[in-house]
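>>> Got a predicted structure here, sequence first:
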Amino acid sequence: MRKIFISHSSKDAKIARYFIDDILVGSINIMIKEIFCSSTEGTRIESGDDWRIAIRKNLTEATIVILIITTNYKSSEICMNEMGAAWALCDNVIPLIVEPINYEDAGVLMEVKQLEKLGDEKSLDRVKDKLQAILKISPDQIKSDRWTVMKKEFLIKLGEYLKENPFPYPISEMEVNKFGKYNEELTTALKEKIRENEKLTSVIGKLKKLKDIKQVEAIKIKHGLTKKFDKFKELVKQVMFCLSDFHTSVIAIIYQDYSGRSLTIDIEYYGSHIEKAIARDFIDEDYAVKWRHTKEMNGLGKALSDLSHFIDSDGADPEFYEEFGQHYRAPLDIDNLLFWEEVFECKISPVLK
């Protein structure tokens, strides 16, 4: 009858052998024939035996089952079955965990305080005491000096082995769920990018068919292919193009009418330019702007309206607001005089009294 059953992963055969040679046999003086370990010489299944029957028989008859729980052990279906069977069949189960397995990862059906660390000196002392009590081993059979020397030798061997063959860290169920959720988010984001790419491919196809620059820019703006500050600059250019038809003194009158701000313009000095604007129906004799009377004033009115609408809807965007501040001193306000002088590059101040 084998009194001790060592449940371990076949990948951890060296760890099991060190434990048997240095701790069980070398220190506690347990006879090799009283130990069942499927991977160690003298303790494993006899040649020709059915391994399933041999494991079941030895597990059922064992007085003590020692579980050497490593990352390899946790990933082995056979080992996890042995663990479950051990709890069901044996009254004395001693789980020994090897880092990076911790108390939470062990997955054993015992209180945490009953778990021991295979690489811990005090844990090994407690394991010795348990084995000694369960197997009724006389204190005379275990020499203190020998126990201390063999225990330290085992810990050195185990430490060197783990240094050369480190275990990967196990992933908890919580972490698996976390990565699963993250994967779902990435999949959703990828699908969205694919849809955006399909949209861009369609837009690029339309752009290739166009020759008019304004039409190209209009499509780019419509489909969000331009940065907001770039769109702002395009709208500003449109206003500047319209203002290029007017003398600075007339622009001052237009600004005054558009913004509702009162300016004192040097009418006497710039009279000829203002009279010409009246004659062309840009303004009336009371210097009120005639926004709908000419193609020029219609175009300027629309350009100012488009820019004003953009500022109202997109001016609060932090990225755009920051970029605007990097380029201009003026406030982002189309009714502000400094905005007209700096953004539209209109020299209005010299025509004021």
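All right, it came through fine. Since this is a predicted model, take the numbers as computed values, not measurements.
>>> And the helices in this protein, which stretches?
Ranges of helices in the chain, per DSSP state H, are 13-18, 51-61, 71-74, 77-89, 121-134, 144-164, 173-208, 213-222, 228-243, 248-259, 271-279, 295-314, 318-327, 337-342.
>>> For residue 102, which of those helices is the nearest?
helix 71-74 (11.2 Å; CB to CB). To be clear about C-beta, it is placed using only N, CA and C from the backbone, and glycine gets the same treatment.
>>> Can you list the helices and strands that that closest one packs against?
helix 77-89 (3 or more CB pairs under 8 Å, 6 or more residues apart in numbering; DSSP states H and E).
>>> Show me the contact partners of the helix it packs on.
Helix 77-89 is contacted by residues 5, 7-9, 55-56, 59-60, 65, 67, 69, 72-74, 93, 107-109 when judged by CB atoms under 8 Å, 6 or more residues apart in numbering.
>>> same thing with stretch 303-310?
Residues outside stretch 303-310 that contact it (CB under 8 Å, 6+ apart) are 231, 232, 235, 236, 238, 239, 241, 242, 258, 334.
>>> again with stretch 116-123
Applying CB under 8 Å, 6+ apart, the contact partners of stretch 116-123 are 15, 19, 68, 94-99, 124, 126-127, 151-152, 155, 158-159, 162.
>>> which of those are buried?
15, 19, 68, 94-98, 124, 127, 151, 155, 158, 162 (16 or more other CB atoms under 10 Å).
>>> Residue 284 and residue 293 touch, don't they?
No - using CB atoms under 8 Å, residue 284 makes no contact with residue 293, being 9.1 Å away.
>>> okay, now the domains of the protein?
4-164, 171-225, 227-351 (automatic domain parsing).
>>> averaging pLDDT over each of the helices of the chain, which comes out lowest?
When these are ranked by mean pLDDT, helix 213-222 comes last with a mean of 58.
>>> Can you give me the neighbour number for residue 239?
23 (other CB atoms under 10 Å).
>>> and what of residue 36?
The number of residues packed near residue 36 is 24, by other CB under 10 Å.
>>> likewise the one 3 residues further on?
Neighbour count of residue 39, defined by other CB under 10 Å: 18.
>>> excluding its backbone neighbours, what's nearest it?
Spatial nearest neighbour of residue 39, chain neighbours left out: residue 13 (3.9 Å); criterion: CB to CB, 6 or more residues apart in numbering.
>>> cool, and residue 263?
Per CB to CB, 6+ apart, closest to residue 263 is residue 256, 4.7 Å.
>>> ok, now which ones touch that neighbour?
Going by CB under 8 Å, 6+ apart, the list of residues near residue 256 reads 262, 263, 265, 287.
>>> Just among those residues, which is most surrounded?
Most surrounded of those: other CB under 10 Å gives residue 265, at 19 neighbours.
>>> contacting residues around the closest residue to that one other than its chain neighbours?
Computed as CB to CB, 6+ apart, the closest residue to residue 265 that is not its neighbour in sequence is residue 252, at 5.2 Å. Residues in contact with residue 252 (CB under 8 Å, 6+ apart) are 263, 265, 348, 351, 352.
>>> So residue 76 sits against residue 9, correct?
Yes - using CB under 8 Å, residue 76 is in contact with residue 9, at 5.0 Å.
>>> Among those two, which residue is more densely surrounded?
Using other CB under 10 Å as the criterion, residue 76 and residue 9 rank with residue 9 on top: 21 against 18.
>>> distance of the nearest residue to the more buried one once chain neighbours are set aside from residue 329?
Spatial nearest neighbour of residue 9, excluding adjacent residues (CB to CB, 6+ apart): residue 72 at 3.8 Å. Distance, residue 72 to residue 329, by CB to CB, to the nearest Å: 68 Å.
>>> Which of those two has more residues huddled nearby?
residue 72 (19 against 8).
>>> Next up, the contacts around that one.
Taking CB under 8 Å, 6+ apart, we find residue 72 in contact with 9, 11, 12, 79, 167.
>>> Repeat that for residue 76.
Residues near residue 76 by CB under 8 Å, 6+ apart: residue 9.
>>> The contacts of residue 72 into JSON lines, with extra columns for distance to residue 305?
As requested, these are exported to JSON lines (distance: CB to CB, whole Å):
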{"residue": "9", "distance to residue 305": "76"}
{"residue": "11", "distance to residue 305": "75"}
{"residue": "12", "distance to residue 305": "77"}
{"residue": "79", "distance to residue 305": "76"}
{"residue": "167", "distance to residue 305": "69"}
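>>> Now flag whichever of the residues you listed is closest to residue 31.
For the contacts of residue 72, the nearest to residue 31 is residue 12 (22.9 Å; CB to CB).
>>> Mind pulling up the pLDDT for that closest one?
For residue 12, the model assigns a pLDDT of 94.
>>> So it sits against residue 71, correct?
No - counting by CB under 8 Å, residue 12 does not reach residue 71; the two are 9.3 Å apart.
>>> the more surrounded of those two?
residue 12 (24 against 21).
>>> Next up, the contacts around the more buried one.
Going by CB under 8 Å, 6+ apart, the list of residues near residue 12 reads 68, 70, 72, 73, 98.
>>> Any figure for the gap between the spatially most central residue of the chain and residue 157?
When CA atoms, centre = their mean is applied to the chain, the residue found nearest the centroid is residue 182 (7.5 Å). Counting by CB to CB, the gap from residue 182 to residue 157 is 40 Å.
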